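1. with the sequence up front, the predicted model follows.
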Amino acid sequence: MKRLPFYHLDCPFTIISIKINTPANFDFPTDSPIMPPPYSIKQPYTRGTMKITDLKTDFYSIPLPVALSDATHGTITHFDLVTVHITTSEGLEGVGYTFTPGTGGAAIHALIDRDLRDVIAGEDARRIEYLWDRMWWHVHFAGRGGALVFAMSAIDIALWDLAGKAAGEPWWRLLGGHDNQVQTYGGGVDLHFTLDALVIQTAGFLDQGFRAIKMKVGREKLSDDVERVAKIREMLGNDLPLMVDANMGWRVDEAIRGARAFAKHDVYWLEEPTIPDDYAGHARIAREGGVPIATGENLRTLHEFEHMIRYGEIAFPEPDVAICGGVTTWLKVARLAEANNLPVTSHGVHDLHVHLLSAVPNASFLEVHMFGIEKYIRHPLEIKDGYAIAPDRPGHGVEFDWPAMEPHKVF
């Protein structure tokens with residue numbers, strides 16, 4: 001029997017010893033996967049590369065079939081969609097994208113095209129953490145968030161799409177593989193819908209297989225909100241979850257009054273009750289309002305989520321992969337939530353989030369929003385009995401109908 005030498009991994013606590021039963025005259029080949037060369041694990045990986053050879057970005061203005069409305073953005077008639085195509089020396093292409101409710105798309109496109117393209121050009125597409133760090137510090141002084149993070153998110157998503165395609169694996173399995181089914185809810189952007197239109201929308205969600213609903217609140221009179229919440233609760237019965245979303249429309253005192261009024265209708269969570277900067281205010285609302293709080297779609301960094309979880313006492317962190325720094329940051333937020341014994345939920349881009357929530361063990365509900373791009377996606381999200389099914393196509397599996405989108409291309 002031969003004993004292999006010890007190899008340490010530059011860690012003061014970890015020593016690896018390998019003992020293998022072999023014939024006395026057996027010699028390991030030098031390229032054996034169980035006979036590593038005697039160097040630190042930090043030495044760079046040199047077995048081939050996946051060099052980034054091109055990056056292309058486009059900006060689209062996608063019209064909505066029905067105008068949407070909430071307490072902050074008013075009436076929304078179209079969405080800005082910014083896409084990224086990254087190609088590699090192996091001929092693979094990764095696609096990423098981000099969005100806004102109708103403003104800022106041109107700035108995001110310019111940041112990708114003028115400021116971030118050269119940062120990743122010629123680099124190994126597999127070194128995603130390294131590339132994320134390079135992008136962050138390259139544009140850091142100009143914002144530490146905002147449009148800069150939107151731009152980074154689109155690129156990061158494209159890099160992770162490449163990773164999945166290179167491995168031949170769908171994201172949900174590549175990133176953790178916990179369960180390819182996740183609970184989902186139909187998310188309405190419906191603050192200014194009439195009550196009849198709200199009822200029709202809810203009935204449509206239920207017909208589509210949703211078993212949970214979210215609606216907007218924050219009308220001029222709280223009594224109007226309460227009437228609408230009561231009506232939808234009546235439609236859903238006692239067992240189906242009902243979430244409400246204020247889109248940062250209230251002061252802390254207003255949010256506490258709203259939460260107390262909604263509590264008797266068994267609201268599952270109150271989302272974005274006030275501005276995301278007010279951590280202490282969120283904690284007051286959570287303590288005094290009597291309803292669990294969800295927030296995160298307007299947080300842009302891992303550190304903001306850490307502060308909101310620690311000081312804001314929220315129950316449902318809600319990162320959006322398209323605007324929080326991409327898959328790289330989203331996964332870190334999910335793990336941060338898990339470390340604090342919290343679930344993680346999502347905002348928007350459900351075709352991406354179905355994979356991320358399916359990958360992690362602490363998934364809450366997947367939000368499904370119809371933002372107008374669903375008609376340009378070739379494989380619609382599968383929903384069955386209240387669950388969304390993550391597809392098995394490699395990468396994120398989203399395939400846009402580019403010719404159909406061409407009339408909406410700005411540049």
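-> Structure received.
2. who are the neighbours in contact with the most centrally placed residue in the chain?
-> The residue lying closest to the centre of the chain (CA atoms, centre = their mean) is residue 321, at 2.7 Å. Residues near residue 321 by CB atoms under 8 Å, 6 or more residues apart in numbering: 153, 157, 327, 329-330, 346, 349, 352-353, 356. Just so you know, the C-beta spots here come from the backbone N, C-alpha and C atoms, and that holds for glycine as well.
3. relative to residue 280, how far out is it?
-> The gap separating residue 321 from residue 280 is 28 Å, by CB to CB, to the nearest Å.
4. would you mind listing the outside residues contacting stretch 219-230?
-> 191, 195, 198, 215, 217-218, 242, 244, 254, 257-258, 261-262, 265, 267.
5. same question, stretch 189-205
-> 68-71, 75-76, 186, 188, 213, 215-219, 227-228, 231-232, 235-236, 247, 369.
6. CA atoms only for that stretch - export them in CSV, please.
-> Provided in CSV are the C-alpha atoms of stretch 189-205 (Å, rounded to 0.1, in the frame of the first residue of the first chain):
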residue,chain,number,x,y,z
VAL,A,189,-49.7,46.3,-10.8
ASP,A,190,-53.1,47.5,-10.3
LEU,A,191,-53.4,50.4,-7.8
HIS,A,192,-55.7,52.5,-10.1
PHE,A,193,-57.7,49.6,-11.5
THR,A,194,-61.4,49.8,-10.7
LEU,A,195,-62.6,47.3,-8.2
ASP,A,196,-64.3,45.4,-11.0
ALA,A,197,-61.1,45.3,-13.0
LEU,A,198,-59.2,44.1,-9.9
VAL,A,199,-61.7,41.3,-9.5
ILE,A,200,-61.4,40.2,-13.1
GLN,A,201,-57.6,40.2,-12.9
THR,A,202,-57.7,38.1,-9.7
ALA,A,203,-60.1,35.6,-11.4
GLY,A,204,-57.7,35.4,-14.3
PHE,A,205,-54.8,34.7,-12.0
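7. buried residues, the longest helix seen in the chain. List them.
-> Ranked by residue count and defined by DSSP state H, the top helix of the chain is helix 147-167. The neighbour-count check on helix 147-167 (16 or more other CB atoms under 10 Å) flags 147-166 as buried.
8. check which element follows that helix along the chain.
-> Downstream of helix 147-167, the next assigned helix or strand under DSSP states H and E is helix 171-174.
9. now do that following helix, average pLDDT.
-> Across helix 171-174, the average pLDDT comes to 98.
10. just the pLDDT at residue 381, thanks.
-> 95.
11. with just CA atoms, put the top strand by length along the chain into PDB.
-> Using DSSP state E, we find that the single longest strand of the chain is strand 52-70. This file holds the C-alpha atoms of strand 52-70, laid out as PDB (Å, rounded to 0.1, in the frame of the first residue of the first chain):
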ATOM      1  CA  ILE A  52     -14.800  36.600 -23.900                       C
ATOM      2  CA  THR A  53     -14.500  37.700 -27.600                       C
ATOM      3  CA  ASP A  54     -17.500  40.000 -27.900                       C
ATOM      4  CA  LEU A  55     -20.100  41.900 -26.000                       C
ATOM      5  CA  LYS A  56     -23.200  43.400 -27.700                       C
ATOM      6  CA  THR A  57     -25.900  45.400 -25.900                       C
ATOM      7  CA  ASP A  58     -29.300  46.600 -27.100                       C
ATOM      8  CA  PHE A  59     -32.000  48.900 -25.700                       C
ATOM      9  CA  TYR A  60     -35.700  48.200 -26.200                       C
ATOM     10  CA  SER A  61     -38.900  50.100 -25.200                       C
ATOM     11  CA  ILE A  62     -41.500  47.400 -24.700                       C
ATOM     12  CA  PRO A  63     -45.100  48.600 -24.700                       C
ATOM     13  CA  LEU A  64     -47.500  47.200 -22.100                       C
ATOM     14  CA  PRO A  65     -50.800  45.700 -23.300                       C
ATOM     15  CA  VAL A  66     -52.500  47.400 -20.400                       C
ATOM     16  CA  ALA A  67     -51.300  50.400 -18.500                       C
ATOM     17  CA  LEU A  68     -50.100  49.500 -15.000                       C
ATOM     18  CA  SER A  69     -50.000  51.700 -11.900                       C
ATOM     19  CA  ASP A  70     -48.600  51.800  -8.300                       C
END
